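In: Got a predicted structure plus its sequence, pasted below:
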Amino acid sequence: MTQNTLGLGRRIADFRKREGLSAQELALDAGMSRSVIANIENGRRDDITVSELLSISRVLRVPPVAILFDVTRPMAPTSSPNENVDDEILRPRTIDIVDWVAGLDGPAQWSESRGLMEEDLAKNGPAVMPPMGLVVEATYGESGWDAIRLLTVGRQLRSATEHHAELTSEFALDVRFGTFGWEPGLDEHLGIMEAVRTIPESAALRQMDAFLEKVKTADPAKHKDAERAVRRLKQAEHEVRNLTGLLKTLGGTASPLADTDEEFSLPSFGYEKVVTLWERTKFNYMRDLVEGDFVASKYRTADQIYRGLKSGKLTKKSEKE
């Protein structure tokens with residue numbers, strides 16, 4: 001039993017409980033035995049197959065990466081399978097591994113179709129679309145949405161911190177070599193960069209104002225360039241601070257590496273197909289196709305709905321029309 005496996009089992013148990021499923025219900029819907037689920041959740045199994053991962057993820061309505069990795073700490077270094085790698089700085093962050101697994105090399109762009117799809121899912125719950133007799137499930141419950149929100153904010157935070165680091169590096173070089181028309185001494189330069197690091201503290205802001213005054217005195221023509229550079233630094237720092245706070249509000253944490261070193265991408269299986277089908281079918285929800293005591297928390301997947309139909313608790317509307 002490894003720590004990683006135990007963590008994976010705990011995440012499965014947590015998502016299962018948040019979905020209101022017993023271990024037996026999870027096993028039934030995933031086509032697995034109760035003992036297998038128990039062994040995975042308790043960490044007695046030292047591995048999990050791809051088919052098991054996808055089946056469990058589908059029933060729990062969370063992206064597979066949310067089961068594989070601790071998405072509540074998207075900016076933290078992942079545990080390394082290499083025993084020789086002890087330095088956390090050498091380890092990739094969770095969000096980097098998540099992107100690698102999802103095949104993402106950059107932030108996906110927001111689209112109106114995606115926004116409408118997400119609004120529908122948030123309002124109506126899991127969608128089951130039967131185009132041409134094929135059932136495709138949009139598998140996001142509350143636990144799945146929480147995981148996706150954390151991954152999304154993690155990706156935004158990563159981009160923001162990297163952008164902030166680039167601006168800081170450029171500013172440091174420009175100040176040191178007098179690009180703004182005033183070349184400070186070494187101690188002055190260190191003081192200015194310390195102020196950059198401690199924005200938005202009042203003392204730091206006063207020091208940045210003093211820097212701008214010196215530039216204005218030395219070379220008025222470069223004053224606006226210096227003002228623009230300082231303004232961009234403040235905006236970048238503000239964005240990092242806001243995203244870090246948002247991550248914390250969602251229950252996540254950022255690694256200290258984020259301070260020294262994401263955009264609307266949705267790392268989840270089947271997303272592209274769901275969007276394509278949504279464009280064609282505009283989300284015909286299964287709840288609109290059946291009658292009876294339909295409770296969204298009880299009939300959340302196709303398997304559960306089929307069992308309701310088989311037991312007679314639900315009836316297809318088409319059979320009565």
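Out: Happy to help now that I have it.
In: measure G245 to R149 for me?
Out: According to CB to CB, to the nearest Å, G245 and R149 sit 14 Å apart. From N, CA and C alone the C-beta is placed, and that goes for glycine too.
In: Now do W145 against K317, distance only.
Out: 28 Å.
In: What are the buried residues along the lengthiest helix in the chain?
Out: Assignment by DSSP state H gives helix 142-176 as the longest helix of the chain. Buried residues in helix 142-176, counted by 16 or more other CB atoms under 10 Å: 143-144, 146-161, 164-165, 167-168, 171, 175-176.
In: Name the next helix or strand downstream of it, please.
Out: Where DSSP states H and E defines the elements, the next helix or strand beyond helix 142-176 is helix 186-198.
In: So which elements touch that following helix?
Out: helix 142-176, helix 202-218 (3 or more CB pairs under 8 Å, 6 or more residues apart in numbering; DSSP states H and E).
In: Low-confidence stretches in the stretch 201-321 of the chain?
Out: Along the stretch 201-321 of the chain, segments meeting pLDDT under 70 span 255-289, 296-297, 300-302, 318-321.
In: got the residue ranges for the strands in it?
Out: Counting by DSSP state E, counting those that start in this stretch, the stretch 201-321 of the chain has strands at residues 290-292, 314-316.
In: Quick check: buried residues in the last one?
Out: By that I understand strand 314-316. L314.
In: Could you break this protein into its assigned domains?
Out: 1-60, 155-260 (automatic domain parsing).
In: Let's have those domains in TSV, adding distance to L309.
Out: Listed next are the domains of the chain as TSV, based on distance: least, CB to CB, whole Å:
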stretch	distance to L309
domain 1-60	15
domain 155-260	37
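In: G308 is nearest to which of those domains?
Out: The closest of the domains of the chain to G308 is domain 1-60. By CB to CB, the value is 12.7 Å.
In: That closest one - what's its average pLDDT?
Out: If you average the pLDDT over domain 1-60, you get 87.
In: ok, for Q24, nearest residue in space, not its chain neighbours?
Out: Nearest non-adjacent residue to Q24, counting by CB to CB, 6 or more residues apart in numbering: R34, 5.3 Å away.
In: Same question for A229.
Out: F171 is the one closest to A229 (CB to CB, 6+ apart), at 5.5 Å.
In: Give me the pLDDT value at that neighbour.
Out: pLDDT, read off for F171, is 91.
In: Would you check how far apart it and F177 are?
Out: When F171 is compared with F177 (using CB to CB), they lie 11 Å apart.
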